[in-house]
Structures are given as C-alpha cells and as structure tokens.
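Trainee: can't give you the sequence, but here's the structure:
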Ligand SMILES: CCC(=O)NCCS(=O)(=O)O
C-alpha cells in the first residue's frame, strides 16, 4: 500500500483529510489563458487593448477572453494572496489548483501562497487542451506520458520537488484530438498506478463528458474518482444530465460567478446565472446525486478577482451558500458544504450536500 494512501498531498506535503476544511475543487491561483484569446467583435478593438479600468469592467465581464491583459492571472499574485486570506476568514480551508502543463503552472508560487496564507493548496498533474501541447508532447507515447504524470505526483513537477496531488485539469477539445486521447489514456493508466483522483475539462458539446468517460473506462480509469468539470456550460438538458450522472463521475458546477450574455467559445450556449446553477444542483439532489456534486468558481481571468470588481474566491461561501440556506428556510433545499473521506491525494468525497431534512443538520455549514 502506498505511503500516501488515505492522505491528501498538498504542495507543502501530505496532510490528513480532516485537516482540509471547506474545499473548492476547481480554481486557478496563477496561470495564463493566452491560448484561448478570442478576437474582439468589430468596433471593440480599442477597449479590448485598453488596460483594465473601471469603465471597461462590464465589457470585460461580457468579453473576458478578448483582452490579452485579462488573461494574465499570473501577474496578480499579490491580489490572489490577499484573496486567500479573505477565503480563510470566510471559512475556506483548501483549494484544488487545476493549472496543468500548457497554461503556465507555477508550483513554487503555489507553495509560497500556501505558506503565506495557511490555505491548503493541491497542485494538478498532466496536460491542458491540445492547443497548448508542445510538439514534443504530441510525439510522446502513452507510456511516456504516463511516466511523466506519475512522476509529477510522486517526485515533483516542472523541475521542482513540489508534488501534485491530483491529475488535472486534463484538457479536452471537441472533437477530442488524437493527442488529447493519448493524454486521457495516460491519465487512466497513471490513476490505476496511483489510486488518485482525476479532474477533466471537457470540450464544449453536450456529448463530450460521456465520450471522455468512455475513453477513460476503456483505458482502465476509475470513474468513481473522476471529476467532470464545467457541466454548467456543457449539459443543459435534464434528461442528458441524468444519463451522464448515471456514469458515476463527480459532477462539477464550477463556474459560479460567471454570468455573460454571449459565451464566445460556443454561441449556442446560454451561460447560466448563479440562480440557475443552484436550481440545476437542486435537480441533481432531487434525483439522488447529492454525494456526487462538487462546486467551485474556476477563476482563470483577472476580472473575476475582487481587485477588479469581481466576485473573488469567497463568492460561494459568502453569497451562494447563504442563498441556498435561505431557500432551505422556506422549506426548499438546505445546503451543506461538507468534506468527508479522502484517499491518496484526493478528495474522494469533497462534496456539497443538499438535503431536504433540515433537522439532521442544525448548525448550518459544518464539516
Ligand atoms: C483554464 C481554465 C478553464 O479551462 N476554464 C474553463 C473555461 S470555459 O471552457 O468554461 O469557458
């Protein structure tokens, strides 16, 4: 049995699961999203190139991917540090930092942030979407990719001794490319060896999550320890959602705080509001999937930081959970953010539990 079995591996070393506290399962603290720059609409070129300023904040909220400056979260470590202090004050304990190879993962920065703030930070192994794969990565065999992912968890990543505690976010486009398929196979093989969790970024098509789960299953992956991210912008039909939920992965609604009229990467998508996200979760709970739900903000651009008028890393704790609790008082649903059992480096059951029977839980949010 691995020495890590039953522990969670943070950037400062292994800890016991009961030390985690409230955990956001999908955030970024330092990264670049330049891979996904989206040209501005005609007429918006000037605002797109302007520095971030008050009068442009609404435009940025609607067009976050059309400003180069906005994509450079890695320039905001001081602001992120302040936010992590706030996150602790708001009751937060841990952040799973999903930045993988291709979007400027910076484990030394994560280690320093963990030391400075006391927030437990878990780093992510593996590769983001094909558009960020190097030629060398594209040429690698599945075996080589597997070895690299395993090494990032067991020995350290990016030339450091800082170890990742989860595999992901593993990036997939739609349709899934050949290079991404190899990375998915390697992910499943590494998971089999390590017993750790996997976090997936699916392409923007309702069929993408199920296709990815099938590929992972064929390669021997453990779907019960796999998180499917970004469901809030991917599956909209309740019937399709239930079909996917039956496959057994964690169901992640991780874009809390993101509200926009036109979602640049897929104009067919109506990005939900936070209220609609809460309703989607209530539906999943009603259908018996409360143990599979995980939530987060997936902050990956500057405009979502409080420094730029954004919601920050404490939005769920400060605004979303109280809303759910208020709805609970009206006889609807009560929400608890609850952390229970973990396995090596993973959050086997970091979960947000929505329960109907309020009498079972009298102290509000608790662990
Ligand atoms: C790196 C952060 C990330 O991939 N976030 C998801 C953005 S979106 O696909 O939901 O637009």
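Mentor: That came through fine. Note that the structure is predicted; figures quoted are calculated from it, not measured.

Trainee: residue contacts, residue 265?
Mentor: With contact set as C-beta atoms under 8 Å, 6 or more residues apart in numbering, residue 265 has these partners: 36, 38, 65, 204. Using the backbone N, CA and C atoms, a C-beta is placed for each residue, glycine as well.

Trainee: for those, which entry has the maximal number of neighbours?
Mentor: residue 65 (20 neighbours; other C-beta atoms under 10 Å).

Trainee: with adjacent residues omitted, what lies nearest to it?
Mentor: Leaving aside its sequence neighbours, residue 65 sits nearest to residue 38 (C-beta to C-beta, 6 or more residues apart in numbering; 4.1 Å).

Trainee: contacts with the ligand among the contacts of residue 265, please.
Mentor: Among the contacts of residue 265, not one lies near the ligand by C-beta under 6 Å from any ligand atom.

Trainee: quick one: which of the residues you listed is nearest the ligand?
Mentor: When these are ranked by distance to the ligand (C-beta to the nearest ligand atom), residue 204 comes first, at 6.4 Å.

Trainee: spatially nearest residue to that closest one, not counting backbone neighbours?
Mentor: residue 266 (4.4 Å).

Trainee: what about the one you found, neighbour count?
Mentor: Count around residue 266 with other C-beta under 10 Å applied: 14.

Trainee: helices of the stretch 151-300 of the chain, residue ranges please.
Mentor: Using DSSP state H, counting those that start in this stretch, the helices of the stretch 151-300 of the chain run over residues 178-194, 208-218, 238-245, 274-286.

Trainee: got CSV for the ones you listed, with distance to the ligand, mean neighbour count and mean pLDDT too?
Mentor: Formatted as CSV, the helices of the stretch 151-300 of the chain follow (distance: least, C-beta to the nearest ligand atom, whole Å; neighbours: other C-beta atoms under 10 Å; pLDDT from 0 to 100):
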stretch, distance to the ligand, mean neighbour count, mean pLDDT
helix 178-194, 13, 22, 97
helix 208-218, 11, 19, 98
helix 238-245, 16, 16, 98
helix 274-286, 13, 18, 89
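
Trainee: which one of those helices lies closest to residue 87?
Mentor: Nearest to residue 87, of all the helices of the stretch 151-300 of the chain, is helix 274-286, at 17.9 Å by C-beta to C-beta.

Trainee: do you know how far the residue nearest to residue 204 is from residue 232?
Mentor: 13 Å (C-beta to C-beta, to the nearest Å).

Trainee: do residue 123 as well
Mentor: 24 Å.

Trainee: ok, residue 202 next?
Mentor: Taken as C-beta to C-beta, the span from residue 202 to residue 232 is 12 Å.

Trainee: got it, and residue 102?
Mentor: 23 Å.

Trainee: off-centre distance for the helix or strand where residue 87 lies?
Mentor: Assessed by DSSP states H and E, residue 87 sits inside helix 77-89. What separates the centre of helix 77-89 from the centre of its chain is 18 Å, taken as C-alpha atoms, centre = their mean, to the nearest Å.

Trainee: quick one: which of residue 123 and residue 232 has more around it?
Mentor: Neighbours were counted for residue 123 and for residue 232 using other C-beta under 10 Å; residue 123 has more, 30 against 23.

Trainee: correct me, but the residue nearest to residue 204 touches residue 206?
Mentor: No. With contacts counted by C-beta atoms under 8 Å, residue 266 stays clear of residue 206, the gap being 10.5 Å.
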